[in-house]
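return atomic coordinates for the entry below.
(one chain, ligands or ions: 1)
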Amino acid sequence: MASTRKGYHTDGHLHLFIDGAPIRSSGIEEFKNTLLRYNIGEIYDMGSRDGLGLKFRRYFEDSPLILRSCGYALYRDGTYGRFLGRPVKDARDIKEYIKDLCGNKADFIKIINSGIMTASGRISEGGFSGDELRIIVDEAHERGLKVFCHVSSPERIIEALNAGVDSVEHGFFMPEEALHMMREGAVSWTPTVYALKCFIKGPGRTDREVLEGVLKDHMEMVSIAARLGIEIRAGSDSGASGIRHGHALLEEKRILSVLTTGSGRTFFPR
Ligand SMILES: [Zn+2]
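Predicted coordinates for the structure are as follows:
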């Protein structure tokens, strides 16, 4: 991967959706212009079912905006991830998808190893077995591709780290033990704090007090991670419903700059 564009922001985690709906090719110019207006020069597309990042790659070729894409994510069949990727039933699927993504020049592999935050402040079902995780990481690393892992809940995070993923995406309910593992293994973290804040403010949240507590703990772990020297990546999760491209990244960077003050860490992807 080329180095980060100087003077531009990098959004380390977004989706090629607008308010939860996939961007159409007719909407790409407007999407690019929005990001450029916010001085964003590089984006990491974290997946869509139809692999839009790979399909739309040509629209970025003569643009000052660098697109890095996983194409589609891999998720465990029958659990969370349908909008973001393709379902994995067995090891054969894993090998087939990673070979296909590599052949289509994906920049990295994105996997989903847990569900998402629920209205009551729990993490829904999702994720792979330890063996499956190891096969994913081995297949990706053999092809020189890093593995970015959507994962929340202490057990799921530790399982992903044991398998050797390169970046933790979201990482809600991060246990301190995992931070030490991340430091050891030079694993980065994209904590998507602003996205969590937006989620909490959304309609129908049944237990706001619990959710506020989750947010508070999450922010504390980000501060500890920065002090430990873990690479914190700024990612907006924009494109998800209620999270706007551009604006959300600036909000995330503002939050991270407060949480990581004094740690001497920058929060750009390498
Ligand atoms: Zn995401």
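
show me where the stretch 51-200 of the chain has helices.
52-55, 91-103, 130-142, 154-163, 176-185, 193-201 (DSSP state H, counting those that start in this stretch).

next, format the ones you listed as a markdown table and append mean pLDDT, distance to Tyr44 and mean neighbour count.
For every residue, glycine as well, the C-beta is placed using N, CA and C. As requested, the helices of the stretch 51-200 of the chain are arranged in a markdown table below (pLDDT from 0 to 100; distance: least, CB to CB, whole Å; neighbours: other CB atoms under 10 Å):
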| stretch | mean pLDDT | distance to Tyr44 | mean neighbour count |
| --- | --- | --- | --- |
| helix 52-55 | 98 | 9 | 21 |
| helix 91-103 | 98 | 15 | 16 |
| helix 130-142 | 98 | 15 | 18 |
| helix 154-163 | 98 | 18 | 20 |
| helix 176-185 | 98 | 18 | 16 |
| helix 193-201 | 96 | 14 | 20 |
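
quick one: closest of those to the ion.
helix 193-201 (7.6 Å; CB to the ion).

look up how far Ala91 lies from the closest residue in space to Thr192 that isn't next to it in sequence.
Nearest residue to Thr192, sequence neighbours excluded (CB to CB, 6 or more residues apart in numbering): Asp237, at 4.6 Å. Separation of Asp237 from Ala91 (CB to CB, to the nearest Å): 29 Å.

before we move on, the earlier item: surely the residue nearest to Thr192 and Ala248 touch.
Yes: judged on CB atoms under 8 Å, Asp237 makes contact with Ala248 at a distance of 7.2 Å.

what sits in contact with each of these two?
Shared contacts of Asp237 and Ala248, defined by CB atoms under 8 Å, 6 or more residues apart in numbering, are found at 194-195.

which residues does Ser263 contact?
Contacts of Ser263 (CB under 8 Å, 6+ apart): 223, 226-227, 229.

skipping adjacent residues, who's closest to Glu176 in space?
Using CB to CB, 6+ apart, the closest residue to Glu176 is Ile224 (6.7 Å).

and the one you found, what are its phi and psi?
Main-chain dihedrals, Ile224, degrees, to the nearest 10: phi -60, psi -40.

report pLDDT for it.
Looking at Ile224, its pLDDT stands at 97.

can you check the one 10 residues further on too?
In this model, Ala234 is scored at 97, pLDDT.

three-state assignment of it?
Under DSSP: H, G, I helix; E, B strand; the rest coil, Ala234 falls in the coil class.

so can I have CSV of the helices of the stretch 51-200 of the chain showing distance to the ion?
Formatted as CSV, those follow (distance: least, CB to the ion, whole Å):
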stretch, distance to the ion
helix 52-55, 13
helix 91-103, 17
helix 130-142, 18
helix 154-163, 15
helix 176-185, 19
helix 193-201, 8
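
need the ones you listed in CSV (columns: distance to Gly85).
Output for the helices of the stretch 51-200 of the chain, formatted as CSV (distance: least, CB to CB, whole Å):
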stretch, distance to Gly85
helix 52-55, 11
helix 91-103, 9
helix 130-142, 12
helix 154-163, 16
helix 176-185, 24
helix 193-201, 18
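
which stretch among those comes nearest Arg244?
helix 193-201 (9.4 Å; CB to CB).

ok, and what's touching that closest one?
117, 170, 172, 205, 208, 211-212, 214-215, 218-219, 222, 236-238, 240, 242-243, 248, 251-252, 255-256, 259.

mark which of those are buried, thanks.
Among the contacts of helix 193-201, those classed as buried by 16 or more other CB atoms under 10 Å are 117, 170, 172, 205, 211, 214-215, 218-219, 222, 236-238, 240, 243, 248, 251-252, 255-256, 259.

contacts with the ion among those residues, please.
Contacts with the ion within the buried ones among the contacts of helix 193-201, counted by CB under 5 Å from the ion: Asp237.
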